[in-house]
Structure formats: structure tokens, C-alpha cells
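Novice: After the sequence you'll find the predicted model.
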Amino acid sequence: MHDDHSHGDSNETEAAAPDPNAVIEQVRELLFGEHRRASDAAMKTMEDRLAALTATLEARFGDLERRFEELKHEAVDSHVRHSEALGASLVELGERIRSLSTKPGT
């Protein structure tokens, strides 16, 4: 009967023995857990800042693109107006030259 009792203790000891993987994980947590959490928090902060900067840059590039389009349209409109004014001036100059050449006595 004594053998059964000692065999029972052996089973209890084996059942109570901690899982080696769990022990290793606990040691890792004790040694590196705080550093890992701090690194994860720092990484999250950097990711958030990068996302904010990306959003800001995208908004600014959008504003620049809109302004560039406005300036392009203004330049085209100005070119058209100046071309029309130059054309009108040339027509007027041509008419003056024609009127000078058709004056009596020339």
C-alpha cells in the first residue's frame, strides 16, 4: 500500500510541475516585458505621428494642386486676353496704315 501512496505523490508532482514553455515565457516577461511594452508604445506614437504628417502633407498637396490649376487657368485666360488685345491692335494699326495710304495727295 505504501507503494501506491508514493506512486500517487509522483503523479501529483508531475501534474504540479510547471510547463517549461510557460516558465520560459514568464522569464521573458520578467526580463524584457517592460522594454517590449515601452518599445511598442513608442512605435505606436511614431505611427500616429507619421499618419498625422501624412494626412497634413496630403492636404497640403491637394491645396497646391488646386492652386496650380487656378494659376494655370489664370495664365491661359491672361494669354487669351493679351492675344486678343494684340490682334485688335494689329487690326487697328493695319487700318491706320491703309488710311494713310489712301489719303489724297500721297
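Specialist: Now that the structure is in, tell me what you want to look at.

Novice: roughly how far is stretch 52-70 from the heart of the chain?
Specialist: 11 Å (C-alpha atoms, centre = their mean, to the nearest Å).

Novice: what packs against the longest helix anywhere in the chain?
Specialist: In the chain, taking DSSP state H as the definition, the longest helix is helix 20-101. Helices and strands touching helix 20-101, as assessed by 3 or more C-beta pairs under 8 Å, 6 or more residues apart in numbering; DSSP states H and E, are absent. For the C-beta atoms, the positions are set from N, CA and C on the backbone; glycine is no exception.

Novice: low-confidence ranges in this protein?
Specialist: 1-15, 104-106 (pLDDT under 70).

Novice: middle-most residue in the protein, spatially?
Specialist: Centroid-nearest residue in the chain: Thr54, 2.9 Å away (criterion: C-alpha atoms, centre = their mean).

Novice: wait, what's in contact with that residue?
Specialist: Thr54 is in contact with no residue at all, counting by C-beta atoms under 8 Å, 6 or more residues apart in numbering.

Novice: going forward, begin numbering at 3 instead of 1
Specialist: Understood, numbering begins at 3; the last thing we discussed is Thr56.

Novice: Let me know the distance separating it from Asp50.
Specialist: Distance of Thr56 to Asp50, given as C-beta to C-beta, to the nearest Å: 11 Å.

Novice: and His81, how many residues sit next to it?
Specialist: 10 (other C-beta atoms under 10 Å).

Novice: And for Gly64?
Specialist: 10.

Novice: before we move on, what about Glu27?
Specialist: So Glu27, with other C-beta under 10 Å, has 12 neighbours.

Novice: any idea how far Glu71 is from it?
Specialist: From Glu27 to Glu71 the distance is 58 Å (C-beta to C-beta).

Novice: what does Ala90 give?
Specialist: In terms of C-beta to C-beta, Ala90 sits 29 Å off from Glu71.
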